[in-house]
Every structure is written in structure tokens, then in C-alpha cells.
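Enquirer: pasting a predicted model and its sequence here:
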Amino acid sequence: MLLSCGSFEGFFGGIQGQTRASYLASYRNDWAWYYARGLLENGVRPVIYIPALRESGRHETDAGIAVRFLPLHPSYRLIEQVWVKRLSRLTRWSLYAEERLNTVAFMRPLREAMIADKIDLLYIQEYWSGRFDHLVHRVGVPVVGADHGGLSDRVVKLFKRSAFRRAGLCYGQTEDECRIVRRYGGRPKLQPNGCNVSEFFPDSAAKRGKTVLTVARLTNKQKRTSDLIRAMAELPQEWSLDIVGTGPDKDMLQRLASDLHLAGRVRFHGFLGRSEVRDLLRRCGVYAMPSSNEAVALAVLEAMACGAAVVLSRIRAFEQLVTDGANGRLVPVGDVKSLAAGILDAWAHRERLGEAAVETVRSRYDTRILYSDLADSLRQSVLEHHAGN
């Protein structure tokens, strides 16, 4: 399972505040670890691959899942400079070029790792990337791609038809995403994120109060956590906001809360473990995520499984998950007043919305079914590849 970050140090270090030791020992609230555990339980041996500037080697973990860091060529360090990264994102072509250069910088370690780890199939996060286009033609094993929140618009698609023809499957989070993949000649399979309903479920003894909870990486352009802080100014004084997560925009968000005289009503918890997050999900009055783009977010699924009334932005993945007014509320992206009104409405109907949310997750997003299906389709991709050769 090849993660989409440019480098471990840039994403997990710079954005998530992780070291190699903390990542290997305790970083588990992430789609890759959820999927890896699910595959392991279904007889597939996963190895997580992460490009890295300074780390290397294969490391075993207490979860029974190996992590291997793929050393980037030293010349790539110049591109990892912040100002160069910003320049690379000015156009879709410059971003595409950077993604392919990044991939070239770890190709040799990747090939060597795949031999050493006896890899039968390469699962690549984000098939709309230049990395996917590069790798699908250059590794000797079957390749599948996955959608974990990457956008299909504003990306270079010139080489997608060729890449999709070469790939085994493209796992999409939504029906709409699968239609787009099919339009470019790919073989899509609907494979949304799921929730472990044996771990996340309501607690009848927990009492919900007038609190809004969000669990998100603090990168405001995507997550729009600032909208939640601004929404607090629209809500009565007894409401408070709990923010779980860390990221580069934490200081900006704290300043915003202070500038709006909301510092006493907004709590920043930082990174928390799964059991602590579950306790907050069971006690919050409303769970909210006003993101501009997402996959079927794991944190939202866990909130719904715990019986929380959710307020989400009206984006493609959330529209598949929630029917407005039935099992949650949907509000326009960036509309703070609608977000505040949605929170008040969700609180007023919290019991009905929460019960419907639990049923949604249990019937459609149970990982016991989803991960078994994923494991079977991966095995089938390997068999088809060998039959075709």
C-alpha cells in the first residue's frame, strides 16, 4: 500500500507532528492502518510504503503490519523546500510534473522493496495523480488505484486512459466517482471507507450536551475548521466547540477564536487516541465537518456509528452518506449561518438523526463486509494479471 504523500517528513512530520518512533508505535487513526488491519484479518499481508527523505528500512509494528520507508534520492530534497512546493502547485501541469519527479526519486528503492517483501500487488493511493500514471507502467506486478479524497478536477488527465487500461481496478468512494473513472476507460469498483461497528457504537449511559465536535487535520483550505469557529459566534453562549487534531493551521485557528472572543468556548485537544475520540463522539451534542472536499470520511462514519447527529458540507461524498433531514444535515460549503442553523436543527432532532445515522453505518459501511470484499477483489486482480500474462 503506497501512500500518496511526497515524503514522510513533509506530511507526517511537518503536518501531523509525528516522528518515526511515534508513527510506528501509536499512529493508528488513519485510513491506511484501518485498511491494513482489515486486510490482515482477511488473509492479506499488507505492507505500508512511505517515501522518506531521511528514514529507510522495513519496520515491524505491534499491529502485525510492516512499514517500509522508501528513501528519496538526495536531489529531491530541493523540491521538498516549502517555496518550491508552493510553486509546484501553481498549475495542474507543474503539480503533475512534481508528482512524477517525486516518484522517479524513489523508484529504485521501491523496486528493491517489492522484491524483498515479495509483493504480489501494488495498491496506490490516489489514481488521479502523476505518480499513478508513472508507476502503473513500470512495476512488474498488478496495480490497483484508490480514491481517498483526491479530486478529479483540475488535474492532468492526458495520460489517464493509458494508465487506467493498464491498471487492474480503480476503487472509488462514490457512485459518481466510479462514473468518472469509467468515462476515462478505467474499471471502477465502489469501495467506500467503512467503520468497525464492534468498536464504535452508542453508549446509552453517555449524556450529550450543547457541544460541537470535529475531528480533522488542521489544514483549513480543505477542512474549513474556521467556518466552525465562526459558526460559534452565531450560536448561543452555552454552546462550545471541541477540535481534535493537529496541523499547520492550528495557530491561525487559535488566533481566530481569540479575535472573535471565543477562546473560552473553543477547545483544541490535539491528537487523541481512538478510545478518547470514541468517548467524545458518544458525548458531543452535534458532530460537524464543513470540508470543501472529502472521501467518505472515517471520522464522520465513526461519529454516526456512535449515534451523533451530524452536520456536513454538501459535497459529493457526504451526499452519498447523508440524506438531509433523515440521518443528518447537509449545508452549503462556506455558508457559516447555514452551518450554525444546521447545528441547532441537528441538536433539536438529535435522537431521531442519531438513530438513523447508526442504522446507515451498520447497514452500508460495516468494515467486516467491506474489507472482506476488498480482500477478495485484490486476490482476483492478481489472478487476472497472471492469467493475462
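Expert: Received it, and whenever you're ready, just let me know what you need.
Enquirer: going forward, measure contacts and count neighbours with C-alpha atoms only.
Expert: Fine.
Enquirer: wait, doesn't residue 56 sit right on residue 71?
Expert: Yes. Between residue 56 and residue 71 there is a contact at 5.6 Å, judged by Cα atoms under 8 Å.
Enquirer: by mean pLDDT, flag the weakest helix or strand of the chain.
Expert: helix 82-88 (a mean of 66; mean pLDDT, DSSP states H and E).
Enquirer: the following helix or strand past it packs against which elements?
Expert: Along the chain past helix 82-88, the next helix or strand (assigned with DSSP states H and E) turns out to be helix 92-104. Here helix 92-104 touches helix 82-88, helix 130-135, going by 3 or more Cα pairs under 8 Å, 6 or more residues apart in numbering; DSSP states H and E.
Enquirer: return the list of helices and strands in contact with the shortest one.
Expert: Contact analysis of helix 130-135 by 3+ Cα pairs under 8 Å, 6+ apart lists helix 92-104, helix 160-166 as its packing neighbours.
Enquirer: Throw the ones you listed into TSV and include mean neighbour count and mean pLDDT, thanks.
Expert: As requested, the helices and strands packed on helix 130-135 are arranged in TSV below (neighbours: other Cα atoms under 10 Å; pLDDT from 0 to 100):
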stretch	mean neighbour count	mean pLDDT
helix 92-104	18	93
helix 160-166	19	96
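Enquirer: format the ones you listed as CSV; extra columns: distance to residue 129.
Expert: Formatted as CSV, these follow (distance: least, Cα to Cα, whole Å):
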stretch, distance to residue 129
helix 92-104, 7
helix 160-166, 9
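Enquirer: tell me the pLDDT of residue 388.
Expert: Note for residue 388: predicted pLDDT of 76.
Enquirer: count of neighbours near it?
Expert: 7 (other Cα atoms under 10 Å).
Enquirer: so which of the helices and strands packed on helix 130-135 gets nearest residue 270?
Expert: Counting by Cα to Cα, residue 270 lies closest to helix 92-104 out of those; the figure is 30.0 Å.
Enquirer: ok, which stretches of the stretch 1-150 of the chain are helices?
Expert: Ranges of helices within the stretch 1-150 of the chain are 8, 20-26, 31-41, 82-88, 92-104, 107-116, 130-135, based on DSSP state H, counting those that start in this stretch.
Enquirer: pick the most buried one from these.
Expert: Burial of the helices of the stretch 1-150 of the chain is given as mean neighbour count (mean count of other Cα atoms under 10 Å); helix 8 ranks first at a mean of 27.
Enquirer: give me the contacts around that helix.
Expert: 50-53 (Cα atoms under 8 Å, 6 or more residues apart in numbering).
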